[in-house]
Each structure stands twice: as structure tokens, then as C-alpha cells.
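Visitor: model this:
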Amino acid sequence: MDKDKRKLTEKEIKRKDRFEKLSSEMQQKGYKIKNMTIATQQAKYLGFLIMMPFMAFVFWMYYTVNGFDLDCISWGYAVALPLSIVCIVILHEFIHGITWCLFAKNHFHSIDFGIIWSSIAPYCTCSEPLKKWQYLLGTAMPTLVLGGGAAVAAVVTNQLLLFFLAEYIILSGSGDSLMVLKGMLYHADKQENVYCDHPYECGFVIFEK
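Guide: From the prediction side, this is the model:
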């Protein structure tokens, strides 16, 4: 984790303080903490490997149905593609927040958005513990909705720009997919468990008893 150490922002320090208070309260109730964080660089590599089959499947679908007409690429793509990516990044984080706030008792008061400027990485985090399926659904939802929707739309409409965007969305969801996989593969022998975003690291923690 040494390479991932960085100076925390004011918002992250506040989330860290709230998380430490929550952890103390949960431990007093008999919960133990299971750390499910992962190094940022490791998340990128492993996440990329996880998403490669999905990206290959979308490529195969589009090529099988439409082929590739690269002649349609124009200078307009140079403008439309980056603008679309900016919109997608915003939508991606917003979908995280919308999904989690539906399950959180304090709704949007438990949701926080921001950007880690050192790596120019936007994020959305939920400070409230959620049930396993609620947390993992909120983690996966942007890739499912945006990636799946763009892929289907690209194949149906034969729009190469949508195909590029679908592949980007799937690739950009690699970190989320890794977290979902970690959560799904973890089977606790405890009767009670809730999942909560880590306040400033990549991943989450599980409170279980």
C-alpha cells in the first residue's frame, strides 16, 4: 500500500473520522471488521483482466452483426468522443449514488462525490453500511446500465461511436467489477454482515458477527 499512500483531502479526513466512529460503534455491538481494500495499481491490472472477456464479447457481437466500416470515422469523432466520455464519467458516479441512496436510511445524506486530483479519479462513496446485495448492486449498476445499454444500442443502430463508448465504459468499470467479484467470492460463516465503502481507499470493509 506504500505506493497508494497520499495526503488525504479535507473531505476524506472527515469521512475517515466518521468511519472510525462507526467502526467503534459496530465493534461495541460485537461486530468484527474484515478489510476488503486493494492497492490501486493492482486493482487496475486485475480489473482489466476481468473485463477483457466482456470487451471481446461486445467486439464480437458488433463485428458479427455490422462489421467495421472505418470510413465513417470523421473529425467529428475527435470532438464527440471526449465530450461523451466526460458525460459518461459523471453519469457513472451519479448512478452509484442513486442506487445506494435508495437503500441507505439517510439517502443522499450518506452519499459523497468528489475527485482524487492526484490521479484525476472521480468517485462516489456511501458512508452507510448496507446489505451485501445492496452494496454490490450499487457498485455494479453503472457498468451494467451504461455499458450494457451502449453495447446493445451500438449493435442495433450500427453506430461505431457507441461501440467505442461501450468498450470504454466496460473498461472503466474494471475496478468496480473487481470489488463485486471480491464481495461475491467472500463467504462469511457469520450470521450477520453489512458492507461499507472504505472512506478513502479502493475497496470496502465488512462488519460481521
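Visitor: what helices and strands are in contact with the lengthiest helix in the chain?
Guide: For the chain, the helix with the greatest residue count under DSSP state H is helix 75-103. Helices and strands touching helix 75-103, as assessed by 3 or more CB pairs under 8 Å, 6 or more residues apart in numbering; DSSP states H and E, comprise strand 111-116, strand 121-126, helix 132-142, helix 160-172. Using the backbone N, CA and C atoms, a C-beta is placed for each residue, glycine as well.
Visitor: who wins for proximity to Asn35 among these?
Guide: With CB to CB, the closest approach to Asn35 among the helices and strands packed on helix 75-103 belongs to helix 132-142: 14.9 Å.
Visitor: what residues of that closest one count as buried?
Guide: 134-142 (16 or more other CB atoms under 10 Å).
Visitor: any idea how far the longest helix of the chain is from the chain center?
Guide: In this view, helix 75-103 has its centroid 12 Å away from the chain centroid, taken as CA atoms, centre = their mean, to the nearest Å.
Visitor: again with stretch 93-113
Guide: Offset of stretch 93-113 from its chain centre (CA atoms, centre = their mean): 13 Å.
Visitor: find the residue at the geometric middle of this structure.
Guide: Asp176 (3.3 Å; CA atoms, centre = their mean).
Visitor: distance of that one from Phe57?
Guide: Separation of Asp176 from Phe57 (CB to CB, to the nearest Å) stands at 18 Å.
Visitor: who are the packing partners of the lowest-mean-pLDDT helix or strand in the chain?
Guide: Ranking every helix and strand in the chain by mean pLDDT, DSSP states H and E puts strand 111-116 at the bottom, with a mean of 85. Judged by 3+ CB pairs under 8 Å, 6+ apart, the packing partners of strand 111-116 are helix 10-28, helix 75-103, strand 121-126.
Visitor: okay, buried residues for it please.
Guide: 111-112.
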